[in-house]
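J.: fold the following.
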Amino acid sequence: MVNVDGSIFIQIVNFLFLIWILNVILYKPVRNVLLQRKGKIAGLENDIGTCSEESKKKKEAFSSGIKEARTEGLKEKNALLAAAANEEKEMIRKINEKAAAEMSALREKIAKDADEVRASLLKEVDVFAKDIGLKILGRVV
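T.: Residues are numbered from 1 along each chain as shown. Predicted coordinates:
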């Protein structure tokens, strides 16, 4: 049988004192460290979420900037190609005009030379006719 005497009250007080000491020395600091760690982890997770959102926004902004730069570059390229095509047409037109002018001058020169040769030949036709008649007939006509 168990005898209940005054030592049980001392044991109860000793047990309660031990629980209080363990709570103050061991459990509260460990719980405080766990609470701090939990708060720090929650803060880091929040920071990670914020950084992730900022990263997505920056990536989207970068992608849209690249897209805009490409469209602007394409527009500029098309404008430069159009300007180059116009300049090419203008150069070809000038070359054609110059060639036409030179061709016209050359035709005029050839016509003038032909007229001069015709005129000089007409002057000498009588001489040539007499020479041909002499050679064919063998006598002076």
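J.: how close does Lys94 sit to Asn86?
T.: Distance, Lys94 to Asn86, by Cβ to Cβ, to the nearest Å: 13 Å. For glycine as for every other residue, the C-beta is placed from the backbone atoms N, C-alpha and C.
J.: now do the spatially most central residue of the chain against Leu122, distance only.
T.: By Cα atoms, centre = their mean, the mean C-alpha position of the chain lies nearest to Arg70, the distance being 4.2 Å. Relative to Leu122, Arg70 is positioned 76 Å away (Cβ to Cβ).
J.: also Lys56?
T.: Applying Cβ to Cβ to Lys56 and Leu122 gives a distance of 97 Å.
J.: and if you look at Ala82?
T.: 59 Å.
J.: ok, Cys51 next?
T.: In terms of Cβ to Cβ, Cys51 sits 103 Å off from Leu122.
J.: now swap in Glu102 and tell me
T.: Glu102 sits 30 Å away from Leu122, going by Cβ to Cβ.
J.: what of Val33?
T.: Distance of Val33 to Leu122, computed by Cβ to Cβ: 128 Å.
J.: cool, Gly39 as well?
T.: For Gly39, the distance to Leu122 equals 121 Å [Cβ to Cβ].
J.: next one: Lys38
T.: Distance from Lys38 to Leu122, by Cβ to Cβ: 123 Å.
J.: okay, stretch 37-57 in CSV with CA atoms only?
T.: Extracted C-alpha coordinates of stretch 37-57, given in CSV (Å, rounded to 0.1, in the frame of the first residue of the first chain):
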residue,chain,number,x,y,z
ARG,A,37,12.5,31.2,-37.3
LYS,A,38,8.9,30.8,-38.5
GLY,A,39,8.6,34.6,-38.8
LYS,A,40,11.9,34.8,-40.7
ILE,A,41,10.9,31.9,-43.0
ALA,A,42,7.5,33.6,-43.7
GLY,A,43,9.3,36.9,-44.4
LEU,A,44,11.8,35.2,-46.8
GLU,A,45,8.9,33.4,-48.5
ASN,A,46,7.1,36.8,-48.9
ASP,A,47,10.4,38.3,-50.3
ILE,A,48,10.7,35.3,-52.6
GLY,A,49,7.1,35.9,-53.8
THR,A,50,7.8,39.6,-54.3
CYS,A,51,11.0,38.9,-56.2
SER,A,52,9.3,36.3,-58.3
GLU,A,53,6.6,38.8,-59.2
GLU,A,54,9.1,41.5,-60.0
SER,A,55,11.1,39.1,-62.0
LYS,A,56,8.0,38.2,-64.1
LYS,A,57,7.2,41.9,-64.6
